[in-house]
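# Need a 3D model of the sequence below.
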Amino acid sequence: MSLKAIATVLGLSVTTVSRALNGYQDVAHETRKRIEEEAQRRGYRPNAAARRLKTGRANAVGLIYPISASSLSGSDFSDMLLSLDHHLACHDINLLLLMDKQQSQSTLTHLLRSGAVDALIVGHTTPDDSRLHALLQANFRFLALGRSDLPPTYAWFDVDHFAGSQMAVSWSLAQGRQRIAWLGSNEHSTQVRERRQGYLTALGDVAPYAMAAVSPSRRAGYQQTRPWLAEAAVPEVIITDCAVLAEGAALALHQAGRSAGERAILLAGWEGLPRDAILDHPIVAIRQATPHQAGEQVVEMVIQLINGAPPETLQTLWQPWLQLPV
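All right, here's what the predicted structure looks like:
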């Protein structure tokens with residue numbers, strides 16, 4: 001089945017049909033829809049090699065992620081990968097996972113020279129991210145998962161981490177609890193920084209009970225919580241900035257008899273508990289977009305970026321919400 005046959009049936013030019021099926025944005029929405037439906041009905045699939053030669057595109061998007069990041073092996077990240085791969089495949093675009101072991105520019109330099117990808121998705125963004133600097137200087141298409149301190153002239157998708165932590169603290173203060181501890185990660189990322197700053201800002205004149213920056217793991221969460229529970233004045237609330245720290249804290253609270261009843265210490269945290277958590281512990285969860293929703297949104301933005309949309313028009317900030325225990 002050829003483009004010419006589809007064009008003849010719909011009374012359109014071959015050029016219009018070709019541009020619609022190749023993702024160009026200068027085709028009217030209704031026309032594009034008719035073309036796609038007819039192509040699907042006839043089982044038409046474009047020749048990938050021919051399309052690459054004609055458009056000069058690689059039909060691939062790379063996701064670059066530092067291998068040292070703990071969330072690389074987390075279930076949310078795995079779900080995000082599946083979502084990205086699925087939604088890109090709907091556009092006949094492959095997803096390449098690119099490990100950046102040192103967060104250096106060597107991987108980026110190689111990619112830019114090879115022409116292996118049409119755009120990059122940059123994960124685990126840091127405040128002074130050298131990868132974003134290099135991509136901006138090279139004028140290469142990319143979308144950052146998270147923001148940095150660079151001038152906001154690039155495409156990004158993010159969640160309002162600052163606001164989420166503020167909500168958890170404000171809710172705790174409204175319950176009359178003022179001894180609020182922060183159990184946070186020691187990773188160098190904008191996300192970690194913004195979550196911590198939201199906690200501090202929301203406290204206002206209330207002094208932090210305690211603040212910790214530890215390895216994002218169950219063991220570290222458990223080991224950090226135990227000495228707090230041995231204090232004369234224990235925390236009334238513990239807020240964590242990731243799910244694995246929350247599970248470690250929950251285990252310590254459970255062992256100390258502080259998970260329920262009059263002596264219970266409130267546990268709150270980003271993403272709640274891991275899906276495979278050992279304990280069923282009540283927690284005030286700071287929720288954000290599901291990995292599937294985020295993946296769908298990111299792919300939509302990347303496709304627009306590839307098709308020539310100005311990067312500064314592709315900036316999305318989703319708002320988190322609190323989920324109280326039943």
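# hey, let's count contacts and neighbours off CA atoms from now on
OK.
# Can you name the residues in contact with the strand or helix carrying Ile64?
In this assignment (DSSP states H and E), Ile64 forms part of strand 60-65. Around strand 60-65, the neighbours that count as contacts under Cα atoms under 8 Å, 6 or more residues apart in numbering are 72, 93-100, 116-124.
# Buried ones only from those, please, as a PyMOL command.
A single PyMOL command selects the buried members of those (16 or more other Cα atoms under 10 Å):
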select buried, resi 93+94+95+96+98+100+116+117+118+119+120+121+122+123+124
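# Of the contacts of strand 60-65, which belong to strands?
Asn94, Leu95, Leu96, Leu97, Leu98, Met99, Ala119, Leu120, Ile121, Val122 (DSSP state E).
# With respect to per-residue confidence, which of those is lowest?
Ranked by pLDDT, the ones in strands among the contacts of strand 60-65 bottom out at Met99, which has 76.
# Could you check how far it is from Tyr65?
Computed as Cα to Cα, to the nearest Å, the Met99 to Tyr65 distance reads 5 Å.
# repeat for Leu88
18 Å.
# Give me the more crowded residue out of those two.
Between Leu88 and Tyr65, counted using other Cα atoms under 10 Å, the more crowded position is Leu88 (23 against 19).
# how big is the angle separating the host helix or strand of Ile303 from strand 60-65?
Assigned by DSSP H and E, Ile303 belongs to helix 291-306. Helix 291-306 runs at 120 degrees relative to strand 60-65, counting by axes from the mean of the first three to the mean of the last three Cα atoms, to 10 degrees.
# Alpha carbons only: can I get helix 291-306 in PDB?
Extracted C-alpha coordinates of helix 291-306, given in PDB (Å, rounded to 0.1, in the frame of the first residue of the first chain):
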ATOM      1  CA  PRO A 291       5.100   7.100  35.700                       C
ATOM      2  CA  HIS A 292       2.700   6.300  32.900                       C
ATOM      3  CA  GLN A 293       1.200   9.800  32.900                       C
ATOM      4  CA  ALA A 294       4.600  11.400  33.000                       C
ATOM      5  CA  GLY A 295       5.900   9.200  30.200                       C
ATOM      6  CA  GLU A 296       3.000  10.100  28.000                       C
ATOM      7  CA  GLN A 297       3.400  13.800  28.700                       C
ATOM      8  CA  VAL A 298       7.200  13.700  28.100                       C
ATOM      9  CA  VAL A 299       6.800  11.900  24.700                       C
ATOM     10  CA  GLU A 300       4.200  14.400  23.600                       C
ATOM     11  CA  MET A 301       6.600  17.300  24.400                       C
ATOM     12  CA  VAL A 302       9.600  15.500  22.700                       C
ATOM     13  CA  ILE A 303       7.600  15.000  19.500                       C
ATOM     14  CA  GLN A 304       6.800  18.700  19.400                       C
ATOM     15  CA  LEU A 305      10.400  19.500  20.000                       C
ATOM     16  CA  ILE A 306      11.600  17.300  17.200                       C
END
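# Ranking helices and strands of this structure by mean pLDDT, which lands last?
helix 48-55 (a mean of 52; mean pLDDT, DSSP states H and E).
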